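Visitor: Next comes the sequence, and after it the predicted model I'd like to discuss.
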Amino acid sequence: MSEEKKTNPLQYLKGIGPKRAAVLQRQGIATLEDLINFFPRKYVDRSHIVDLNLLQPDQEVTVVGKIEAVGIRHGRRRFLYVVISDGKGILEAVWFNGIEYFKNQFKVGEWVSFSGKVQFYRGFQMTHPEFDRLGEGELDNMLNTGKILAFYPGTEAFKRVGLNSYTFRKIFYFLFKNMTVNVQEYLPPKVMGQRQLLPRDRAYYQMHLPEDGKILEKAIYRFKYEEFFNLQLMLALQRAHLKSKPVGISFPKKSERLEKLYYRLPFKMTEAQKRVVREIRKDMREPTPMNRLLQGDVGAGKTLVALMAMLIALDNGYQAALMVPTEILAEQHYFNLTRMLEGLDVEINLLTGSTGVKERRRINETLGSGAPQIIIGTHALIYNEAEMPNLGLIIIDEQHRFGVMQRAKLIEKGRQPDVLVMTATPIPRTLALTAYGSLDVSIIDELPPNRKPITTIWRFDNTAAKIYRFIREHLEMGEQAYIIYPLVEESEKMDLKAATEAYEHLKSTEFKNYRVGLLYGRMRAAEKDEIMKAFVKNEIQVLVSTTVIEVGIDVPNATIMLIEHAERFGLSQLHQLRGRIGRGKSKSYCILKTPYNIGEIAQQRMKIMTETQDGFIIAEKDLELRGWGDFFGTRQSGMPDFKIANPITDRPILEEAREDAFKLVKEDPFLRKAEHKRLLEYLRKHLKERMDLINIS
Ligand code: ADP
Ligand code: MG
């Protein structure tokens, strides 16, 4: 730890002191630089504040006022009320939940701001508004001068030492008024000029003590731009760097087994599949390591493409690894590939967390011997002790569940192997480039022609009887159905119980004259295989299942999918599930069943599902609804995380920054020019981990 950190420089700042400094440090704010980078979560300016005598019902507004009364009343339900007045009118805020907690937040005579929707109920009301405390003088100031106030993220620990938005505003006021905060510009002058960026020192000042809305916007733009620019620069550098390092493997030989497989396929490959195989083959012929992302909607036929790439590696004398995120998926790939490769004399092995010691030893021996083979596995592949000196190709399925660092670890097992990552989440190109970094992108933008549109409907639980009757009618016509139950790790036991009970119930009531089967993740592999085979042969007509069928099985005769508790599934997951039907001759139906009362966002998910079947649109909506971090699971995955920029809503800025960054690296690939010196220093200091992946001295 540096001397500076031990003595914590923040404690000497006016408004902080040793106690607050210690709390800030525990939140990761230990230096002056950390402090000025602690950005407000929102701003309120006078023009957004509505006087209390001018309220209208159903408006979303922010109001300010002095607390006149706080108390608890008993209506039909017990609730907390807080009455505020601004001298022109009054408003009552009410809380039905967390009454005791909120009661302690408000004191008569204090000034607060409330944000929320106005209702009229014997006077103007807001239910569960967002609120912030204000200093009294501050309020005058704001109302009289039109100043904008910054509001900061709060925590319990902050609150205990009196750190709230009001005190933060004071701290920044003293900091910027009384001291020179020495922040140097590091963005190149050319970019600054071209994008008219606010200089860094001014931008910090404006973030915390904005003078007006226009300049605040410029400050925010600067920091968003900067965040995207730095990331894009890393990507551009990585790319330039990888491209200039021709030490990978070249696979020059045509694959005989690929050709054999091609000629015996029971269907015609789509043009998109063929194009993508050509792109991959071209990459593989080159000695530069392939680094390619393969996007394709569920059912687009990525597995076949992957298999063909693996056969190229095998027929050139190398091993190929296929890494997937779950054991079920690994088993299913193993099962499918074994079947597809029958008679082609290909060695395939499966390595997962549940592979026994003996089998593992056998596999490690054959891997170590360098024998050309396909090895399919989970994370276990990364942590497996065997080196794979003859590993020529790595394919990673469902990319976004693996991080950059995990990928790097697997790559280290070989000597510059080719890498292909596959994802069923077809997000827009710029976002893909941002998320997946320095990869080339191939897109399978065409589904096999045998796919039929699926009718998707959303129904409430009270229509169950009708739904079951509908399913029976289709069973009578010889078709089959899936009934899907949610199962998540956090409530696995209860979920499994619910699914099992439903199965027992349905089997003896609604579907007592039909053959019903049950499938769930924790079953033994052999048992699962048996059930799936029975379903394929129509020996099982109704398959009750937890989400294990999300991937893999292909039963064209299954035309109905009923998803129970559909509100508990994410959009992409629903889309993947639905992709299991609509593969046969008859019309298919997907029924989303939910309780009557579900949250707003869940409602939106259901609506989107009923409106579109386009994986692109669904992925984009999913990203919008969940946000970047949630969508990519940023923290564990090593995906870029953003502090202030939002790749979805700020996409135009992202595109500007990307263009500028790539141009800069093209002109100065090693950042050696004088005007890039500061930039290089900054990247070294702040993006160390990523810089370590790049060799620029
Ligand atoms: P995904 O891209 O979702 O991984 P899969 O590779 O699992 O899709 O393919 C889904 C199904 O479509 C598989 O049963 C596969 O054999 C089949 N398939 C792949 N390509 C074609 C094609 N060109 N025509 C018809 N069916 C195909
Ligand atoms: Mg797949």
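Guide: Looks like it arrived, so ask away. Ligands and ions are numbered 1, 2, ... in the order given.

Visitor: how about the nearest residue to Met388, chain neighbours excluded?
Guide: Lys413 (4.7 Å; Cβ to Cβ, 6 or more residues apart in numbering). C-beta here means a position set from N, CA and C on the backbone, and glycine is covered the same way.

Visitor: What helix or strand is the closest residue to ligand 1 within the stretch 451-600 of the chain located in?
Guide: As assessed by Cβ to the nearest ligand atom, ligand 1 sits closest to Asp554 within the stretch 451-600 of the chain, at 3.8 Å. Using DSSP states H and E, Asp554 sits in no helix or strand.

Visitor: what residues are up against it?
Guide: 580, 583 (Cβ atoms under 8 Å, 6 or more residues apart in numbering).

Visitor: Numbering from 80 from now on, please.
Guide: Sure thing, new numbering starts at 80, so read that last one as Asp633.

Visitor: For the residue nearest to Met467, grab phi and psi.
Guide: phi -70, psi -30 (degrees, to the nearest 10).

Visitor: Would you check how far apart it and Ile454 are?
Guide: 11 Å (Cβ to Cβ, to the nearest Å).

Visitor: quick one, which of the two is more surrounded?
Guide: Legend: neighbour count by other Cβ atoms under 10 Å for Lys492 and Ile454, higher for Ile454 (25 against 18).

Visitor: Angles on the backbone of the more buried one, please.
Guide: In terms of degrees, to the nearest 10, the main-chain angles of Ile454 are phi -110, psi 120.

Visitor: Quick one: residues contacting it.
Guide: Counting by Cβ under 8 Å, 6+ apart, Ile454 has contacts 398-401, 427-430, 442, 446, 460, 467.

Visitor: got those residues as TSV, with distance to ligand 1 columns?
Guide: Listed next are the contacts of Ile454 as TSV, based on distance: Cβ to the nearest ligand atom, whole Å:
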residue	distance to ligand 1
Gln398	22
Ala399	16
Ala400	17
Leu401	12
Ile427	16
Asn428	20
Leu429	17
Leu430	21
Ile442	24
Leu446	25
Leu460	19
Met467	24
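
Visitor: Centre of the chain to the helix or strand containing Leu702, how far?
Guide: Taking DSSP H and E as the criterion, Leu702 maps to helix 694-705. What separates the centre of helix 694-705 from the centre of its chain is 10 Å, taken as Cα atoms, centre = their mean, to the nearest Å.

Visitor: what's it packed up against?
Guide: helix 650-657, helix 679-690 (3 or more Cβ pairs under 8 Å, 6 or more residues apart in numbering; DSSP states H and E).

Visitor: where among these is the average confidence lowest?
Guide: Mean pLDDT per stretch puts helix 650-657 lowest among those, at a mean of 88.

Visitor: The helix or strand that it is followed by pairs with which strands?
Guide: Sequence order places strand 667-673 as the next helix or strand after helix 650-657, per DSSP H and E. Here strand 667-673 has these sheet partners by DSSP bridges: strand 533-539 (parallel), strand 637-642 (parallel).

Visitor: Strand 667-673 versus helix 679-690: what angle between them?
Guide: If you take axes from the mean of the first three to the mean of the last three Cα atoms, to 10 degrees, strand 667-673 sits at 170 degrees to helix 679-690.

Visitor: Now for Asp519, how many residues are close by?
Guide: 16.

Visitor: which residue packs closest to it, ignoring adjacent ones?
Guide: In space, and not counting its chain neighbours, Asp519 is closest to Arg371: 4.6 Å by Cβ to Cβ, 6+ apart.

Visitor: residues contacting the one you found?
Guide: So Arg371 contacts 358-359, 362, 498-500, 518-521 (Cβ under 8 Å, 6+ apart).

Visitor: Give me the pLDDT value at Ile475.
Guide: Ile475 is given a pLDDT of 90.

Visitor: correction: Asn223
Guide: At Asn223, pLDDT is 54.

Visitor: what does Arg281 give?
Guide: On the pLDDT scale, Arg281 gets 93.

Visitor: Next SSE downstream of the strand ranked longest in the chain?
Guide: Looking across the chain with DSSP state E, the single longest strand is strand 139-153. Along the chain past strand 139-153, the next helix or strand (assigned with DSSP H and E) turns out to be strand 157-164.

Visitor: Show me what the helix or strand following that following strand pairs with in its sheet, parallel or antiparallel.
Guide: For strand 157-164, the following helix or strand on the C-terminal side (DSSP H and E) is strand 169-174. Applying DSSP bridges, strand 169-174 is found paired with strand 157-164 (antiparallel), strand 203-206 (parallel).

Visitor: and the next element down the chain from strand 169-174?
Guide: helix 178-182.

Visitor: elements contacting that next one?
Guide: Right, helix 178-182 is packed against strand 139-153, strand 157-164 by 3+ Cβ pairs under 8 Å, 6+ apart.

Visitor: Now do that helix, average pLDDT.
Guide: Helix 178-182 carries an average pLDDT of 88.
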